[in-house]
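A.B. asks: Need the 3D shape of this:
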Amino acid sequence: MGQELLRSLILDFQDNGDKCFEELEKKFLAYDISVESEYSVYTQNNEKKDVDIVVKFAQDDKVKYILCIENKIKDSSLSKDQLLMELEGIQREYAEEDELPKILFCFLTLKPSRISAECFATISSCNKSAIHLFWVPSNHRYSSIYEKIQNIIAKSDNEEIDPISSDVRFIITSFLVFMKRGFKSEEMLKKHIEEERERQSYKKSVMQYIREYAETLEPNKEISFEVAKESISKMIEDFCGFTPNKKTIYGQLTTAIVNNRTRIHHGVTQENQRDFNLFYYPNEKDHSVIQRYVEGKSKVDYVYLK
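C.D. replies: I've put the predicted structure just below:
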């Protein structure tokens, strides 16, 4: 997305009331910008801290501004003094310079919480150039990262900025879905990306076809796994005109069988199981026959979940 997301972050600092950032935003292209992840700094006690992302803005080989971004998805990973220690480490790194670079600090969390607010208060009290942003939309003065990315996509669609390539747009769209679901796991992100690819090819995800097929069956009535697979394949072909990949249907159908232990490798969890609990093996030793699963009624010894 080029410089658009970074520009959006800088504008948040300008909106925070610090006039010096108007100069940075207006002369954005006049700076040499470098980005580093897991940037190591050291406190006065020589304790090492890693800042998630550090962006440096330099002119004539002299760093003028530093943007620090510390990202915390889970409140359980928050440490009250971490932000202060990271700020101290950045300041110590430039302590011998004639002029200390202006330090911008962005604390990024999934959504508002009491614990994250208390953590942010420790740094906002000593650094006015600090903002607290969130990944997902909330009642807050700043737009979320989710909203920022959506706005950038809209700008591209309206030809206000350079177009975003189809490959990048695809990854961004998948990431937005993953973001709104709370960054549950890497496996879930892969699953969302795969489902998005399926929607582009088959008009909707293969799992949606499987759900629709399951609804046509009587509960607890036996049906051949092969017959089910062929029926779902025909549904997809009739709907979109494409012959689907048989391995994809096999894998997705297997994921939808509650007492198939291999489904745990495909991101089926306690939270999303209702979307996938569609069939079961009436005899776990015979995988050639399945039945429609009905929670609380179908006789299943164990539902496999990650």
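A.B. asks: can you tell me the helix or strand for the residue positioned nearest the centre of the chain?
C.D. replies: The chain has residue 179 as the residue nearest its centroid, 3.3 Å off, counting by Cα atoms, centre = their mean. Using DSSP states H and E, residue 179 falls within helix 166-180.
A.B. asks: Likewise for residue 105?
C.D. replies: Counting by DSSP H and E, residue 105 is found in strand 102-109.
A.B. asks: Which strands or helices does that strand pack on?
C.D. replies: The helices and strands touching strand 102-109, judged by 3 or more Cβ pairs under 8 Å, 6 or more residues apart in numbering; DSSP states H and E, are helix 4-15, strand 62-72, helix 82-93, helix 114-124, strand 130-134. Just so you know, the C-beta spots here come from the backbone N, C-alpha and C atoms, and that holds for glycine as well.
A.B. asks: Those into CSV, with extra columns for distance to residue 254?
C.D. replies: Output for the helices and strands packed on strand 102-109, formatted as CSV (distance: least, Cβ to Cβ, whole Å):
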stretch, distance to residue 254
helix 4-15, 39
strand 62-72, 35
helix 82-93, 43
helix 114-124, 40
strand 130-134, 37
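A.B. asks: one step back: thought the residue nearest to the centre of the chain was touching residue 137?
C.D. replies: No. Contact between residue 179 and residue 137 fails when scored by Cβ atoms under 8 Å: they sit 10.3 Å apart.
A.B. asks: Mutual contacts of those two, please.
C.D. replies: residue 146 (Cβ atoms under 8 Å, 6 or more residues apart in numbering).
A.B. asks: Off-centre distance for the strand holding residue 105?
C.D. replies: 20 Å (Cα atoms, centre = their mean, to the nearest Å).
A.B. asks: what angle separates it from strand 62-72?
C.D. replies: Put simply, strand 102-109 runs at 10 degrees to strand 62-72, going by axes from the mean of the first three to the mean of the last three Cα atoms, to 10 degrees.
A.B. asks: how about the CA coordinates for strand 102-109, as CSV?
C.D. replies: Provided in CSV are the C-alpha atoms of strand 102-109 (Å, rounded to 0.1, in the frame of the first residue of the first chain):
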residue,chain,number,x,y,z
LYS,A,102,11.3,13.6,18.1
ILE,A,103,9.9,10.3,19.3
LEU,A,104,6.4,9.2,18.3
PHE,A,105,5.0,6.2,20.2
CYS,A,106,2.0,4.2,18.9
PHE,A,107,0.6,1.6,21.3
LEU,A,108,-1.5,-0.9,19.3
THR,A,109,-3.9,-3.3,20.9
